[in-house]
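Trainee: Sequence plus the predicted model coming up.
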Amino acid sequence: MFRLKHFLEQSWLLIVSSFLFGLLIAVTNAALSPRIEQNRINKLNDRARALLPGVERFMPVEAEIVIKSGGRAERIDVYKAESKPGECVGWTFSASGPGFIDKIELVVAVDGNFEKLAGFDVLASSETARVGDQIKEPFFREQFVGAPVGDLIAVRSGDTSAKDEKIVTISGATITSEAVVEIISSSAKQIKKELQKKGLIGDGENR
Amino acid sequence: MAKTGKDKAGIYRQTLLDGLWRENPVFRLLLGMCPTLAVTAAVRPALTMGACVIFVLLCSNIVITLMRDLLKPHLRILMFTLTIATFVTIADLFLKAFQPEMSEKLGPYVPLIIVNCIIICRAEVCASKNAIAVSVIDALAMGVGFTVTLCVLAAVRELLGSGTILDARVMPRAFVPWAAMGMPVGAFLTLGLLLGMVNYLTGRKA
C-alpha cells in the first residue's frame, strides 16, 4: 500500500501528462489524417498518371486484394486506370518492401491485361543519396517498362534496353536494386493472381 | 524582493539578445548540429525546419514553465522529453497534411527534433526556472536565432551549390554550380568557415 502511494506521489504528473499529451496527439491525428491520406492518394495518382499517359481517372478496386509481403499478409489498394468510363487501359497499385536502409514504397503500373509492366516510380525511400537513390532515375526505371509481369531477375550486367525479365542492377547499389526487383516482381505476380481469382481480369488462357 | 518594471525589461532584453546572438544556439553554443548540417542544402527546407523548431520550443517552454513547480527533480528529463515529443509529433502531422512535399524532403529530420539539444537545453536552463514571460521570449529568441543561422548557412550553400536562392536564379548563367556545396562536405565547410568568421569578429570586438 505504501509502495503504491509512493509510486503515485512520484509519478502522478507523468501519468496525467502522458494521458493528456496522448489525447492531444490523437485529436490532431484524427483531424489531419483524412488530409494526409488524400495527399498520399493524390501523389499516387500523379505518379501513376505519368506512368500511364492518357488516363482519365483511377477507379479503386472494391474487392479486397491481400498479398503476402515479408511473410505477412498485407492489404493492397489497387486502382483501375480508365481512359474513358469502362475502358480499362491499365492497373496501378502501391507496393513496399525492405530496402538497404529503410522501407521502399513504390507505385507500380501495369497494362490493361496485366501482362506487362508499364513502369514504376518511387513514393518513399531513404536510400543513400546518389547511390541507392538512383532507383528514381530514368535509366533504371525504364528497364521495367514492357517487362513481363512475373518473376523478374536482377542481373549485374546485360542489355538495359531489352524488354525482358532481366533487370540490370545499379553499380554500387545492388541490394537496393534487388529490393526493387523483388518488390515489383512479387507484388505484381500475387495481385495478378488475386485479380484473376476475382474475375477482374482474364486468366490468360481465354485470350 | 519584487522586481521593478525596469528590472523586468532588462531581463527580457537580455534574454532576447542572448537567444539571437550572445548565446546563439548554432554559432555560440554549437547545439542542434544535426539539422544544421543535414537540412541546409537549400533555404526553403532550412526555413521550414526553423519554423518547426520555433513551434516546438515555444510550446514546450510554455508547458514546462507552467508545470515547473510540480516537477520532481529525478523525473524532469522524462517530462521534458514527453512534452517535446508530443509537440514534435504534432508539428510532423501538420507538415504531412499541409506541406507534404517538404515533409518528404525533410524526411526523418522533423521527428529528430525530439532529440535536438537546443530544446531540452532551454527546458532545463530557462523554462523550468523562470516565469512564463521569460520562457516565451527565450523560446522565440532561441528559435529565431536558430532559424536565421540555418538560413544564412543554407543561403551560402544554395547560392554556390546551384546558383539560386529560394529556387530563384541569382547567379549568372555562366556560373558553374559547385556540386560539393549540396553534399555533406559543403555543410561542414560552410559551417566551419562561418564559425571561424563569427569567432574572429567577436574576438576582435572583445
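Mentor: Great, that's in hand. Numbers count the residues shown, from 1 in each chain, chains lettered A, B, ... in the order given.
Trainee: OK, contacts around the residue most central in space within chain A?
Mentor: Against the mean C-alpha coordinate of chain A, by C-alpha atoms, centre = their mean, the closest residue is residue A:95 at 2.2 Å. Taking C-beta atoms under 8 Å, 6 or more residues apart in numbering or on different chains, we find residue A:95 in contact with A:69, A:76, A:105-106, A:108, A:183-184, A:187-188. To be clear about C-beta, it is placed using only N, CA and C from the backbone, and glycine gets the same treatment.
Trainee: Out of the residues you listed, who's the most crowded?
Mentor: Within those, neighbour counts (other C-beta atoms under 10 Å in any protein chain shown) peak at residue A:188, which reaches 27 neighbours.
Trainee: longest helix in the chain, by residue count?
Mentor: In the absence of a named chain, this looks at chain A. Criterion DSSP state H: the longest helix present in chain A is helix A:2-51.
Trainee: meant chain B actually
Mentor: Max-length helix for chain B by DSSP H is helix B:132-162.
Trainee: any idea of the mean pLDDT in the helix or strand following that one?
Mentor: Going down the chain from helix B:132-162, the next helix or strand is strand B:164-165, by DSSP states H and E. Strand B:164-165 shows a mean pLDDT of 94.
Trainee: Mind listing the strands the longest strand belonging to chain A pairs with, and their directions?
Mentor: Ranked by residue count and defined by DSSP state E, the top strand of chain A is strand A:87-98. Here strand A:87-98 is paired, per DSSP bridges, with strand A:78-84 (antiparallel), strand A:103-111 (antiparallel).
Trainee: If I look at residue A:204, what pLDDT would I see?
Mentor: Reported pLDDT at residue A:204 in the predicted model: 55.
Trainee: ditto for residue B:2
Mentor: 59.
Trainee: and the residue nearest to the centre of chain A, bridged to which residues?
Mentor: Beta-bridge partners recorded for residue A:95 (DSSP bridges): residue A:106.
Trainee: Can I get the host helix or strand of residue B:9 in CSV? Just the C-alpha atoms.
Mentor: Assessed by DSSP H and E, residue B:9 sits inside helix B:5-17. What follows is helix B:5-17, C-alpha atoms only, in CSV (Å, rounded to 0.1, in the frame of the first residue of the first chain):
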residue,chain,number,x,y,z
GLY,B,5,9.3,47.1,-14.3
LYS,B,6,12.8,48.4,-15.3
ASP,B,7,14.4,45.2,-14.0
LYS,B,8,12.0,43.1,-15.9
ALA,B,9,12.5,45.0,-19.1
GLY,B,10,16.2,44.5,-18.6
ILE,B,11,15.8,40.7,-18.2
TYR,B,12,13.6,40.5,-21.2
ARG,B,13,16.1,42.4,-23.4
GLN,B,14,18.9,40.3,-22.1
THR,B,15,17.0,37.1,-22.8
LEU,B,16,16.2,38.3,-26.3
LEU,B,17,19.8,39.3,-27.2
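Trainee: buried ones in the next helix-or-strand element following it?
Mentor: Sequence order places helix B:33-38 as the next helix or strand after helix B:5-17, per DSSP H and E. Across helix B:33-38, burial judged by 16 or more other C-beta atoms under 10 Å in any protein chain shown covers B:35-38.
Trainee: Please apply the same query to stretch B:116-125.
Mentor: For stretch B:116-125, burial by neighbour count (16+ other C-beta under 10 Å) applies to B:116, B:118-123.
Trainee: How far does that stretch sit from its chain's centre?
Mentor: Distance of stretch B:116-125 from the chain centroid (C-alpha atoms, centre = their mean, to the nearest Å) equals 11 Å.
Trainee: Equivalent analysis for stretch B:101-112, please.
Mentor: Using C-alpha atoms, centre = their mean, the offset of stretch B:101-112 from its chain centre is 15 Å.
Trainee: is it up against chain A anywhere?
Mentor: Yes: residues of stretch B:101-112 contacting chain A under C-beta under 8 Å from any C-beta of the partner chain: B:104, B:107-108.
Trainee: what does that stretch rub up against?
Mentor: By C-beta under 8 Å, 6+ apart, stretch B:101-112 touches A:124, A:126, B:34-35, B:38-39, B:44-45, B:48-49, B:52, B:88-89, B:91-92, B:95-96.
Trainee: what is the rounded mean pLDDT of the helix or strand containing residue A:119?
Mentor: Following DSSP H and E, one finds residue A:119 within strand A:117-124. Averaged across strand A:117-124, pLDDT comes to 92.
Trainee: now that strand and helix A:2-51, what's the angle there?
Mentor: 140 degrees (axes from the mean of the first three to the mean of the last three C-alpha atoms, to 10 degrees).
Trainee: how about the very next helix or strand once past strand A:117-124: buried residues?
Mentor: Proceeding N to C from strand A:117-124, the next assigned helix or strand is helix A:138-141, under DSSP H and E. Buried residues in helix A:138-141, counted by 16+ other C-beta under 10 Å: A:140-141.
Trainee: Below-threshold pLDDT in chain B: ranges please.
Mentor: By pLDDT under 70, the low-scoring segments of chain B are B:1-3, B:205-206.
Trainee: Near chain A, which residues of it? Just list them.
Mentor: So chain B meets chain A at B:67, B:70-72, B:75, B:78-79, B:82-83, B:85-86, B:89-90, B:93-94, B:96-98, B:100, B:104, B:107-108, B:183 (C-beta under 8 Å from any C-beta).
Trainee: buried subset of these?
Mentor: Here, 16+ other C-beta under 10 Å leaves B:67, B:71, B:78-79, B:82-83, B:85-86, B:89-90, B:93-94, B:96-97, B:100, B:107, B:183 buried among the residues of chain B next to chain A.
Trainee: Residue B:58 reaches residue B:137, doesn't it?
Mentor: No: Residue B:58 is not in contact with residue B:137 according to C-beta atoms under 8 Å; the separation is 10.3 Å.
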